[in-house]
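Asker: prediction below, plus the sequence it came from.
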Amino acid sequence: MTQRPETPLLDTIQVPADIRRLDKSQLPQLCDELRQEVISAVSVTGGHLGAGLGVVELTVAIHYVFDTPADKLIWDVGHQCYPHKVVTGRRDRIRTLRMGGGLSGFTKRSESEYDPFGAAHSSTSISAALGFAIASKLDDRPQRAIAVIGDGAATAGMAFEAMNNAAEAGSRLIVILNDNDMSIAPPVGSLRNALARLVSSNKYLSPRKLAARLAGHLPKPMRNAAERIEEYARGMMTGGTLFEELGFYYVGPVDGHDVLSLVEILENVKESDHGPMLIHAVTQKGKGYAPAESSADKYHGVVKFDVVTGKQDKGPGGGPPAYQKVFADALIAEANADDKIVAITAAMPGGTGLDLFGAAHPTRMFDVGIAEQHAVTFAAGLAADGYRPFCAIYSTFLQRAYDQVVHDVAIQNLPVRFAMDRAGLVGADGATHAGSFDLAYLCTLPNFVVMAAADEVELTHMVHTMAQHDSGPIAVRYPRGNGRGLPIPEVPEKLEIGKGRIVREGKTVAILSLGTRLEEAEKAAEQLEAMGLSTTVADLRFAKPLDEALIRKLLTTHEVAVTVEEAAVGGFGAHVLTMASDEGLIDAGLKLRTMRLPDAFQDQDSPAKQYDEAKLNAPHIVDTVLKALRRNSVGVETGVSA
Ligand SMILES: Cc1ncc(C[n+]2csc(CCOP(=O)(O)OP(=O)(O)O)c2C)c(N)n1
Ligand SMILES: CC(=O)[C@@H](O)[C@H](O)COP(=O)(O)O
Ligand SMILES: [Mg+2]
């Protein structure tokens with residue numbers, strides 16, 4: 001059991017008002033204790049550690065200076081919010097982080113009044129904060145909105161869309177740029193270089209110097225030419241010109257770990273009336289925990305670990321490979337044989353496996369930063385000019401680029417390949433990261449081919465098939481986690497587009513599976529056979545185009561047909577139903593049922609528990625069949641239909 005740290009001062013803190021009652025001189029000790037508490041908690045829960053350690057001082061300083069929850073504090077992504085949760089009435093539950101029934105791993109409105117806005121997908125904080133700031137302005141309330149956005153999240157277009165509008169908010173909007181020179185991987189692009197120049201070419205701004213500047217600073221409209229020259233000179237010197245031109249008063253760079261200096265700077269900022277302020281805080285991801293500070297990823301995401309050694313409990317190892325590795329290995333093999341294959345990630349090289357691809361083909365891997373919309377249209381441009389781009393974006397994050405998928409890829413019928421990892425339910429990250437909707441949002445698009453891999457062998461075949469598919473857009477989905485331990489074929493098959501496969505022959509019941517629910521479908525078939533119900537299991541492989549011949553055969557030769565998919569309504573099952581209805585296949589009394597994710601956002605839990613809750617495992621498949629056949633749980637006729 002991890003020894004809990006001694007935290008005598010933190011023990012006196014329930015909510016931020018308790019922090020505000022402290023003497024300023026006590027804040028450094030509070031930060032130390034808060035940091036130890038976060039390390040201890042995450043060592044037993046796992047989760048996001050590095051980002052939170054980097055904002056301990058910012059958390060304490062912001063809550064000390066601003067009147068939260070009246071002043072709205074919005075954390076971008078929200079993965080760094082654990083220190084915030086400890087000091088906002090949730091310390092007693094902090095060791096339930098990301099567990100079923102426990103605290104969310106991100107900020108969440110339903111969890112606390114101190115979480116005015118939910119997060120998890122990045123780059124939303126300034127837009128949301130602007131909403132609160134304008135509401136406060138319209139109501140003539142004094143409340144401010146403070147957005148804390150990381151240097152990675154700041155690379156997304158949405159952040160600039162919000163900054164472009166920020167002037168509206170006047171002094172009610174404060175943006176704190178938390179610059180730790182890290183995304184999940186090292187950050188990329190020109191903004192990163194601009195920030196690095198800014199930090200390297202300037203000493204930290206002192207509270208006294210800031211106060212002098214603010215005192216001497218005239219409101220923009222009154223500013224004369226001299227003032228403007230001074231501002232540009234300052235901007236050039238400080239590099240804040242970019243933000244100044246976007247309408248912010250740039251304050252920085254400041255030391256994001258000097259809590260007393262932060263407090264004074266924030267107090268200056270709070271009193272200023274110079275319009276939207278952008279404070280450039282320089283921090284260190286993983287700050288204060290040596291194993292995190294010294295690791296390449298700064299312990300961005302960790303499993304349970306030993307606090308003393310930092311050693312993570314990753315299990316015995318040697319099990320089946322993660323799907324992202326299977327994907328990467330397959331793509332590397334294709335790229336070895338075809339120099340037109342390129343790969344694109346939106347700041348997720350490790351999670352997608354493209355870090356492996358980049359090691360093998362460094363000139364053909366592109367990390368565009370947190371910029372999914374750009375990634376898709378960038379891929380479309382490459383495809384339009386004869387390349388074979390593989391856009392590897394998690395299912396949930398691809399949602400952000402849907403118009404680019406429709407407008408730039410589908411309508412133009414460009415051969416962009418989409419590798420959608422984390423399809424289906426993802427466990428600890430909860431509803432914001434579930435890949436529930438990609439079948440619904442892609443299968444409705446003309447020209448698209450949409451596949452779902454049932455296991456690692458199928459994924460290998462599908463990557464090969466995608467590499468050969470030049471006639472239009474094609475996507476494959478596969479889940480978070482590891483394969484079934486099946487041998488990966490040396491020579492992958494090129495699958496016939498739109499053709500599924502029978503994996504088990506039967507007569508009475510047909511289970512039409514799409515994706516990795518196949519394993520549960522096969523278990524269900526065993527259970528049904530034991531009740532005397534002969535069961536066929538098919539892996540349809542393609543959600544679009546459907547294997548209509550196979551579906552027609554199954555639906556006209558079995559009494560019951562059940563579709564199963566790890567996706568929300570509107571995907572595979574819906575399209576099978578549409579086909580069955582169009583062809584009158586359900587007119588003659590066929591019992592057809594679709595099994596899919598519930599019409600609900602499921603909170604975090606283990607994937608197994610989530611799929612049980614979603615009624616998408618073997619017992620529920622059996623139950624669906626028995627109810628359709630009006631049989632009880634042991635398969636005996638009851639005459640009662642479901
Ligand atoms: C739209 C979107 N794309 C990708 C991610 C995955 N992601 C989570 S945190 C992160 C890096 C964020 O970097 P930064 O904003 O600098 O925060 P830090 O972790 O450095 O504190 C990424 C890419 C996401 N949450 N949302
Ligand atoms: C906070 C965030 O969005 C990422 O860190 C995400 O949690 C990664 O998900 P995986 O752990 O499935 O790669
Ligand atoms: Mg960062």
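Answerer: Received, thanks. Numbering: from 1, shown residues only. Ligands and ions are numbered 1, 2, ... in the order given.

Asker: helix, strand, or coil at Arg593?
Answerer: Classification of Arg593 by DSSP: H, G, I helix; E, B strand; the rest coil places it in strand.

Asker: okay, now it: neighbour count?
Answerer: When counting by other CB atoms under 10 Å, one arrives at 17 neighbours for Arg593. In short, each C-beta sits where N, CA and C put it, glycine included.

Asker: how much space between it and ligand 2?
Answerer: Taking CB to the nearest ligand atom, to the nearest Å as the measure, Arg593 falls 31 Å from ligand 2.

Asker: run through the strands of the stretch 51-200 of the chain in chain order.
Answerer: 72-75, 145-150, 173-179 (DSSP state E, counting those that start in this stretch).

Asker: in TSV, list those strands along with mean neighbour count and distance to Tyr249.
Answerer: Putting the strands of the stretch 51-200 of the chain into TSV (neighbours: other CB atoms under 10 Å; distance: least, CB to CB, whole Å) gives the following:
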stretch	mean neighbour count	distance to Tyr249
strand 72-75	27	19
strand 145-150	29	15
strand 173-179	28	10
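
Asker: so can I have a markdown table of those showing distance to Leu9?
Answerer: Listed next are those as a markdown table, based on distance: least, CB to CB, whole Å:
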| stretch | distance to Leu9 |
| --- | --- |
| strand 72-75 | 21 |
| strand 145-150 | 23 |
| strand 173-179 | 24 |
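
Asker: and these: which comes nearest Ile370?
Answerer: Comparing the strands of the stretch 51-200 of the chain against Ile370 with CB to CB, the closest turns out to be strand 145-150 (9.1 Å).

Asker: is the closest one up against ligand 2 anywhere?
Answerer: No: judged by CB under 6 Å from any ligand atom, strand 145-150 stays clear of ligand 2, getting no closer than 10.5 Å.

Asker: show me the contact partners of that strand.
Answerer: Outside strand 145-150, the residues within contact range by CB atoms under 8 Å, 6 or more residues apart in numbering are 51, 55, 58, 62, 66, 71-77, 80, 122-123, 125-126, 128-133, 136, 159, 169, 172-180, 183.

Asker: which of those come close to ligand 3?
Answerer: The subset of the contacts of strand 145-150 within reach of ligand 3, by CB under 5 Å from the ion, is Asn180.

Asker: ok, now which ones touch the residue of the stretch 251-400 of the chain found nearest ligand 3?
Answerer: As assessed by CB to the ion, ligand 3 sits closest to Lys285 within the stretch 251-400 of the chain, at 6.1 Å. Listed by CB under 8 Å, 6+ apart, the contact partners of Lys285 are 50-51, 53-54, 180, 182, 292, 298, 300.

Asker: which element follows the worst-scoring helix or strand of the chain on mean pLDDT toward the C-terminus?
Answerer: Least confident helix or strand, the chain: helix 225-238 with a mean of 57, by mean pLDDT, DSSP states H and E. Using DSSP states H and E, the helix or strand that directly follows helix 225-238 along the chain is helix 241-245.

Asker: so what does that next one touch, helix or strand wise?
Answerer: Judged by 3 or more CB pairs under 8 Å, 6 or more residues apart in numbering; DSSP states H and E, the packing partners of helix 241-245 are helix 225-238, strand 249-255.

Asker: can you give me the buried ones in it?
Answerer: Using 16 or more other CB atoms under 10 Å as the burial criterion, the residues of helix 241-245 that qualify are 241-244.

Asker: just give me the neighbour total for Pro487.
Answerer: A count of nearby residues for Pro487, using other CB under 10 Å, gives 7.

Asker: enumerate the positions of the strand or helix carrying Gly358 that are buried.
Answerer: Using DSSP H and E, Gly358 sits within helix 354-360. For helix 354-360, burial by neighbour count (16+ other CB under 10 Å) applies to 354-358, 360.

Asker: in stretch 547-554, what's buried?
Answerer: Buried residues in stretch 547-554, counted by 16+ other CB under 10 Å: 547, 550-551, 554.

Asker: from the residues you listed, which single one is nearest Ser40?
Answerer: Asp547 (53.1 Å).

Asker: that closest one touches Gly498, doesn't it?
Answerer: Yes: judged on CB atoms under 8 Å, Asp547 makes contact with Gly498 at a distance of 5.7 Å.

Asker: and of the strands of the stretch 51-200 of the chain, who's closest to ligand 1?
Answerer: Ligand 1 lies closest to strand 145-150 among those, at 2.2 Å (CB to the nearest ligand atom).

Asker: ok, is that closest one in contact with ligand 1 or not?
Answerer: Yes: counting by CB under 6 Å from any ligand atom, ligand 1 is contacted by strand 145-150 at Gly150.

Asker: same question, stretch 391-404
Answerer: Yes: using CB under 6 Å from any ligand atom, we find that stretch 391-404 touches ligand 1 at 397, 400.

Asker: go on, stretch 471-485?
Answerer: No: Stretch 471-485 is not in contact with ligand 1 by CB under 6 Å from any ligand atom; minimum separation 13.1 Å.

Asker: list the buried ones in that stretch?
Answerer: By 16+ other CB under 10 Å, the buried positions in stretch 471-485 come out as 472-480, 483.

Asker: with stretch 110-121 instead?
Answerer: By 16+ other CB under 10 Å, the buried positions in stretch 110-121 come out as 111-112, 114-121.

Asker: pLDDT and distance to Gly639 for these - can I get that in JSON lines?
Answerer: Output for those, formatted as JSON lines (pLDDT from 0 to 100; distance: CB to CB, whole Å):
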{"residue": "Glu111", "pLDDT": "98", "distance to Gly639": "47"}
{"residue": "Ser112", "pLDDT": "98", "distance to Gly639": "51"}
{"residue": "Tyr114", "pLDDT": "98", "distance to Gly639": "56"}
{"residue": "Asp115", "pLDDT": "98", "distance to Gly639": "51"}
{"residue": "Pro116", "pLDDT": "98", "distance to Gly639": "54"}
{"residue": "Phe117", "pLDDT": "98", "distance to Gly639": "53"}
{"residue": "Gly118", "pLDDT": "98", "distance to Gly639": "48"}
{"residue": "Ala119", "pLDDT": "97", "distance to Gly639": "52"}
{"residue": "Ala120", "pLDDT": "98", "distance to Gly639": "48"}
{"residue": "His121", "pLDDT": "98", "distance to Gly639": "49"}
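
Asker: all helices for the stretch 51-200 of the chain, in order.
Answerer: Taking DSSP state H, counting those that start in this stretch as the criterion, the stretch 51-200 of the chain carries its helices at 56-65, 82-85, 125-138, 157-165, 190-201.

Asker: what comes into contact with the longest one?
Answerer: So the one you mean is helix 125-138. With CB under 8 Å, 6+ apart as the test, helix 125-138 has contacts from 72, 74-76, 116-117, 119, 142-149, 153, 158-159, 161-163, 165-166, 168-170, 172-175.

Asker: what about Ile502, neighbour count?
Answerer: Using other CB under 10 Å, Ile502 has 14 neighbouring residues.

Asker: that one bridge partners, please.
Answerer: On the basis of DSSP bridges, Ile502 is bridged to Ala538.

Asker: confidence score at it?
Answerer: Listed pLDDT for Ile502 reads 98.

Asker: right, and it touches Thr535 too?
Answerer: No: contact between Ile502 and Thr535 fails when scored by CB under 8 Å: they sit 11.5 Å apart.

Asker: residue in the stretch 451-600 of the chain with the shortest distance to ligand 2?
Answerer: When you check the stretch 451-600 of the chain against ligand 2 by CB to the nearest ligand atom, the closest residue turns out to be Arg480, at 5.0 Å.

Asker: test my guess that that residue contacts Gly301.
Answerer: No: with contact defined as CB under 8 Å, Arg480 does not reach Gly301; the gap is 11.9 Å.
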